[in-house]
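Colleague: I would like the atomic coordinates for the input below:
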Amino acid sequence: MMKLHSVEVKTLTPEIFRMFQVNTALLTAGDEKHLNTMTIGWGQLGTLWNLPVCTVYVRPERYTYEFMEAQDTFSVSVLPDSARDIARLCGTRSGREVDKVSACNLTVCRGAGNTPFFEEAELVLVCRKLFVQDMDPACVRDERIFASYGEKGGWHRIYTGEVLEAYCKS
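Modeller: Residues are numbered from 1 along each chain as shown. Here you go, the predicted structure:
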């Protein structure tokens, strides 16, 4: 198995749309004693305030929300296409009920700020929160958004983090 290795953030050229729509991306936050991870399908990568950033979205009802609120850092671990079972479990089961890391046989590594991420990933971004804001339905300008939103819970909180470290397999 190939090992993750550190790469210069500025050299990354991930397929942005593929990363969050096709691959399994796990959002993880926590400390040395406790962490939680969840499958995410929403995310953005780019430059903001002249910094490389990753933006993720978490509903307040999610267990991961508590960890995101408590920590200054988070990670996004993009797993290989073969990890569909991990995506399914981490996207449908709550960390309140099951230890997802053990259930999926994931290996926890640590990045900047002692941020947890997974050795099984093909790409990892370790981020420090720069900006946090709740989505506001009053700001929606396209009615199509409401057709599929709200059935599963409340509006998401937006977390934009500076990408401090990146790891990839090559």
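
Colleague: Over to the most centrally placed residue in the chain: give its phi and psi.
Modeller: What sits nearest the mean C-alpha location of the chain, by Cα atoms, centre = their mean, is Leu27, with 2.4 Å. Backbone torsions of Leu27, given as degrees, to the nearest 10, read phi -90, psi 130.

Colleague: quick one: it and Thr64 touch, right?
Modeller: Yes: Leu27 lies in contact with Thr64 (Cβ atoms under 8 Å); the separation is 6.2 Å. All C-beta spots, glycine's among them, are computed from the backbone N, C-alpha and C.

Colleague: Report the set of residues contacting both of those two.
Modeller: The overlap between the contact sets of Leu27 and Thr64 (Cβ atoms under 8 Å, 6 or more residues apart in numbering) consists of Thr37, Met38, Val58.

Colleague: sec struct for the residue nearest to the second one when sequence neighbours are not counted, please.
Modeller: In space, Met38 comes closest to Thr64 once its chain neighbours are excluded; the distance is 4.5 Å by Cβ to Cβ, 6 or more residues apart in numbering. Reducing the assignment to helix, strand or coil with DSSP: H, G, I helix; E, B strand; the rest coil, the entry for Thr64 is helix.

Colleague: What residues does Gly91 make contact with?
Modeller: Gly91 neighbours (Cβ under 8 Å, 6+ apart): Met38, Thr39.

Colleague: State the three-state secondary structure for it.
Modeller: Three-state assignment for Gly91 (three-state DSSP): helix.

Colleague: So which helix or strand of this protein has the lowest pLDDT on average?
Modeller: For the chain, counting by mean pLDDT, DSSP states H and E, helix 16-21 ranks last in confidence among helices and strands (a mean of 62).

Colleague: which regions of this protein sit below the pLDDT cut-off?
Modeller: 1-2, 12-22, 150-153 (pLDDT under 70).

Colleague: still on that earlier bit, measure how buried the residue nearest to Met38 is and give me the count.
Modeller: If you count neighbours by other Cβ atoms under 10 Å, Thr64 ends up with 26.
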